[in-house]
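Participant: with the sequence up front, the predicted model follows.
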Amino acid sequence: MKLRPRPRTQPHPRAATGTVLAAHRRRYHAGMDETSPLPLPTALPAHLGWRLLALVYDAMPNIAIWFAVSGVALAVVPGHAPFAPWSLGQMALWGLCWGTSGLYAVMSWKGIGQTLGMRPWRLKVLGTDGRVAGARALWVRYAVATLSLALAGLGFAWSLVDRERRTWHDLASGTVLVRLPPR
């Protein structure tokens with residue numbers, strides 16, 4: 001029995017529509033010529049399970065970042081005493097931790113499109129044109145994702161109803177999280 005590859009012009013039925021991933025596919029498969037008998041694997045929008053697994057993995061570097069930021073904050077405070085609960089100092093520390101976590105995420109997404117937690121699952125953040133998204137879009141993505149988590153994950157659950165598996169932060173920032181095919 002001989003398997004026929006899918007024609008190159010026909011997109012995968014579950015792939016994101018239009019040109020969302022076309023440029024990424026071209027770069028991913030650079031070197032394959034048009035006469036290649038192998039079908040092009042397609043990057044698919046990541047479903048909720050992969051997103052949650054990446055969040056669990058990304059908790060580890062974020063906890064390390066928070067420990068480092070908190071240690072520096074305690075070293076700077078006179079008397080090296082911890083902040084009182086709900087004090088201005090504690091709120092500032094939480095804001096600083098949120099900002100450094102955002103810096104970690106945005107720098108990772110801007111550089112290679114992945115954080116450490118996204119690499120094992122082959123997840124990548126791209127702009128809707130298939131290229132690396134801009135810094136502004138990535139900061140919007142991070143802020144809306146934070147809001148989505150604060151609202152009991154409703155923005156993430158939105159991917160279960162959206163046809164293209166987009167979350168609130170995908171929609172707000174004009175980005176998409178895809179799962180790359182195995183190499």
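Facilitator: Done, it's in. Just so it is clear, the model here is predicted, and its values are computed rather than measured.
Participant: confidence score at Leu180?
Facilitator: With respect to pLDDT, Leu180 scores 93.
Participant: any idea what sits nearest it, other than its immediate chain neighbours?
Facilitator: Arg122 (4.3 Å; C-beta to C-beta, 6 or more residues apart in numbering). The way it works is simple: take the backbone N, C-alpha and C, and place the C-beta from them, glycine included.
Participant: do the same with Tyr104
Facilitator: Tyr104 sits nearest to Ile65 (C-beta to C-beta, 6+ apart), 6.0 Å away.
Participant: just confirm that neighbour is within a helix.
Facilitator: Yes. Applying DSSP: H, G, I helix; E, B strand; the rest coil, one finds Ile65 inside a helix.
Participant: is it true that it touches Gly99?
Facilitator: No. The pair Ile65 / Gly99 is not scored as a contact, 10.3 Å apart, by C-beta atoms under 8 Å.
Participant: ok, back up a step: mind listing what the residue nearest to Leu180 touches?
Facilitator: Arg179, Leu180, Pro181, Pro182 (C-beta atoms under 8 Å, 6 or more residues apart in numbering).
Participant: now Val144
Facilitator: With C-beta under 8 Å, 6+ apart, Val144 has these contacts: Gly155, Trp168, His169, Ala172, Ser173.
Participant: quick one: the strands in this protein, in order.
Facilitator: Residue ranges of the strands in the chain, as given by DSSP state E, are 44-45, 123-127, 175-179.
Participant: highest mean neighbour count out of those strands?
Facilitator: strand 175-179 (a mean of 24; mean count of other C-beta atoms under 10 Å).
Participant: list the helices and strands that one packs on?
Facilitator: strand 44-45, strand 123-127, helix 135-150, helix 168-173 (3 or more C-beta pairs under 8 Å, 6 or more residues apart in numbering; DSSP states H and E).
Participant: which helices and strands does the last one pack with?
Facilitator: Under the contact definition 3+ C-beta pairs under 8 Å, 6+ apart, helix 168-173 sits against helix 135-150, helix 154-157, strand 175-179.
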